[in-house]
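Asks: Provide a 3D model corresponding to the input given below.
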Amino acid sequence: MVKMVRDASGRFAQRPYYLAEELDRECEQIVTGFLTIRHGAIRFPITTDELSVLIEMEGADLDSCVDLSNYGDDVEGVTAFYAEREPDVMISDRLANDPRRENRLRTTLAHEFGHVRFHRHLWAEKLSTGDLFAVEEENDNKAICKRDTILNARQNDWMEWQAGYVSGAILMPVSAVRKLVDEYCTPQGILGAVELKSDHGQILVHSLKDEFQVSEEAARVRLQALNLLVGISQQSTLSL
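Replies: Next comes the predicted model:
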């Protein structure tokens, strides 16, 4: 059972506290189990359609083409929770209608999956005792996810950090990432973390990008989160 701690933001009485390793382990189990049942084998990348299926398997109602501009120009995903029915997951139409943004669409789908899978119980408890109409009017029943925090939220924004970490762990499961890195680094005689700005670092980023169909940014963030790549823009991922 996940450890619960006081929510300093005041949004909930308590919130879940996850070690990065715990999220990696659970996400890998989710993805490998899903792919094995679906294909009889584990193969990457997980497809965009399969990311949608993962969300729907959690019982959520997914709409992948929604005008979210009323939440802000930089909002790319919203998950709304209710006391008496399953969550709604809404993805910005700006992602769905632009093939050039498919990798960002994939990251956002995996991020919203993180909210549904790991955070729904928080709203279930809150909404079961609160003023439902007031809560919904104030958007307090929603995770509103902005472009800049989908991948790399600050640790004090614990909910977005957790969903962002889950996004990377779903798209790029830890064992598969470590295997790819080891297969490259071992013949090169590389021990330990690789410098981001080095040629080896860039090769690893592009290898993840191609293997898992993610953006360069998502690949970099994932490698840094697993302490396989070191350099600027690295954020601590020990626990949240």
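
Asks: tell me the pLDDT at residue 154?
Replies: pLDDT, residue 154: 84.

Asks: what does residue 23 give?
Replies: Reported pLDDT for residue 23: 97.

Asks: cool, and residue 195?
Replies: With respect to pLDDT, residue 195 has a value of 95.

Asks: ok, it - contacts?
Replies: Each residue near residue 195 by CB atoms under 8 Å, 6 or more residues apart in numbering is listed here: 201, 229, 230, 231. C-betas here are computed from N, CA, C, even on glycine.

Asks: nearest residue to the second one other than its sequence neighbours?
Replies: Pointing back at residue 229 there. Spatially, and ignoring its direct neighbours in sequence, residue 229 is nearest to residue 223 (3.7 Å; CB to CB, 6 or more residues apart in numbering).

Asks: PyMOL command to pick out the buried ones of the contacts of residue 195?
Replies: Remark: buried members of these, expressed as a PyMOL selection using 16 or more other CB atoms under 10 Å:
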select buried, resi 201+229+230
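
Asks: farthest-apart pair in the contacts of residue 195, please.
Replies: Spanning the widest gap among the contacts of residue 195 are 201 and 230, at 8.5 Å by CB to CB.

Asks: any shared contact partners between these two?
Replies: With CB under 8 Å, 6+ apart as the test, residue 201 and residue 230 both reach 194, 195.

Asks: what strand or helix carries the residue sitting nearest the centre point of the chain?
Replies: The chain has residue 167 as the residue nearest its centroid, 1.9 Å off, counting by CA atoms, centre = their mean. Using DSSP states H and E, residue 167 sits in helix 158-171.

Asks: from the contact counts, what lies against that helix?
Replies: Judged by 3 or more CB pairs under 8 Å, 6 or more residues apart in numbering; DSSP states H and E, the packing partners of helix 158-171 are strand 14-17, helix 20-39, helix 102-129, strand 142-146, helix 216-225.

Asks: rerun that using 7 Å as the cut-off
Replies: Contacts defined by 3 or more CB pairs under 7 Å, 6 or more residues apart in numbering; DSSP states H and E place helix 158-171 against helix 20-39, helix 102-129, helix 216-225.

Asks: next SSE after the shortest one?
Replies: Following the chain from helix 216-225 toward its C-terminal end, the next helix or strand by DSSP H and E is strand 229-230.

Asks: how many other residues sit next to residue 56?
Replies: For residue 56, the neighbour count with other CB atoms under 10 Å is 15.

Asks: rewinding a little: redo the helices and strands packed on helix 158-171 as TSV? Include distance to residue 81 and mean neighbour count.
Replies: Below are those laid out as TSV (distance: least, CB to CB, whole Å; neighbours: other CB atoms under 10 Å):
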stretch	distance to residue 81	mean neighbour count
helix 20-39	20	16
helix 102-129	4	21
helix 216-225	26	23
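
Asks: need the ones you listed in JSON lines (columns: distance to residue 71).
Replies: Formatted as JSON lines, the helices and strands packed on helix 158-171 follow (distance: least, CB to CB, whole Å):
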{"stretch": "helix 20-39", "distance to residue 71": "26"}
{"stretch": "helix 102-129", "distance to residue 71": "13"}
{"stretch": "helix 216-225", "distance to residue 71": "22"}
